[in-house]
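In: Using only what follows, build the 3D model:
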Amino acid sequence: MQAIQDSILEAIKATRTNTTVIYMKRLIYIFIFLFLSSCSSSSEDGPYSDTADPQADYNTAAVLAKATNRNIMLIFGANWCPDCREFDQQLKSSPLKELIDTNYVTVKVNVGDFDENMDFVSDFDNPVSKGIPSIVITDSDKQVYFITKARELSSIRNMKKSAVIDFFQEVTQKNNKGD
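Out: Next comes the predicted model:
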């Protein structure tokens, strides 16, 4: 009888060990999958599209801007750029979102490693020459009202949100006056 009990206990221990090993293997696979998923990201994961056509996007924005009596804000940046990603996040948050949405139709232009869409960038006096993110504000007829030329946004991560809002309020006021 003792031999049968010992055999049953051994079988239970083996089953527990096998179940634990299988469970641990599954956990390891899940962690590996999650880790690899977080490490592999394409540039499409960021705010700037590799496949967008900035001229076509600008033309569409011009029609919408004219119909809604707003200006166009071209936003030049790249997905590798932490300041560009921060700027994109701020554009999605109040109160900057409301200020921008009320006054502008936005078009994001990917400059990659300063090797993408540079013909389009040069049409607007190369605002990225001093850093990104950069913006250009035009009307629907492509008249330029404002260009960042002095690295105004290239360290946006270090700017207080209130300073960013103040900057855009000032730019917007100047644009509304036609200056």
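
In: All the helices of this protein, in order from the start?
Out: 2-39, 54-68, 82-91, 96-103, 118-122, 161-177 (DSSP state H).

In: buried stuff in the shortest one?
Out: Same thing as helix 118-122. F120, V121 (16 or more other CB atoms under 10 Å). For every residue, glycine as well, the C-beta is placed using N, CA and C.

In: what does that helix contact?
Out: Residues outside helix 118-122 that contact it (CB atoms under 8 Å, 6 or more residues apart in numbering) are P54, Q55, Y58, F76, V109, V111, P127, V128.

In: Extract the CA atoms of it and return them as CSV.
Out: Extracted C-alpha coordinates of helix 118-122, given in CSV (Å, rounded to 0.1, in the frame of the first residue of the first chain):
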residue,chain,number,x,y,z
MET,A,118,13.0,68.6,-49.3
ASP,A,119,11.7,70.0,-52.6
PHE,A,120,8.4,70.9,-50.8
VAL,A,121,10.3,72.3,-47.8
SER,A,122,12.4,74.5,-50.2
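
In: Find the centremost residue of the chain, please.
Out: The residue lying closest to the centre of the chain (CA atoms, centre = their mean) is P47, at 3.0 Å.

In: any idea how far that one is from D125?
Out: Distance, P47 to D125, using CB to CB, to the nearest Å: 23 Å.

In: List the buried residues for stretch 88-99?
Out: Those would be D88, Q90, L91, L96, L99, for stretch 88-99 by 16+ other CB under 10 Å.

In: just stretch 74-92 next, same as before
Out: 74-79, 81, 83-88, 90-91.

In: cool, and stretch 157-168?
Out: Of the residues in stretch 157-168, those buried (16+ other CB under 10 Å) are M159, V164, I165, F167, F168.

In: Then stretch 123-140?
Out: Buried residues in stretch 123-140, counted by 16+ other CB under 10 Å: 123-124, 127-128, 131-140.

In: K108: how many residues sit nearby?
Out: 21 (other CB atoms under 10 Å).

In: Disregarding flanking residues, what is the spatial nearest neighbour of it?
Out: With sequence-adjacent residues excluded and distances taken as CB to CB, 6 or more residues apart in numbering, K108 is closest to I75, at 4.9 Å.

In: for that neighbour, what are its contacts?
Out: So I75 contacts F87, L91, T106, V107, K108, V109, P133, S134, I135 (CB under 8 Å, 6+ apart).

In: Filter those down to just the ones in strands.
Out: Among the contacts of I75, the members falling in strands (DSSP state E) are T106, V107, K108, V109, S134, I135.

In: Now the fourth one: closest residue in space that isn't a chain neighbour?
Out: Distances taken as CB to CB, 6+ apart place P54 nearest to V109, at 4.5 Å, with adjacent residues excluded.
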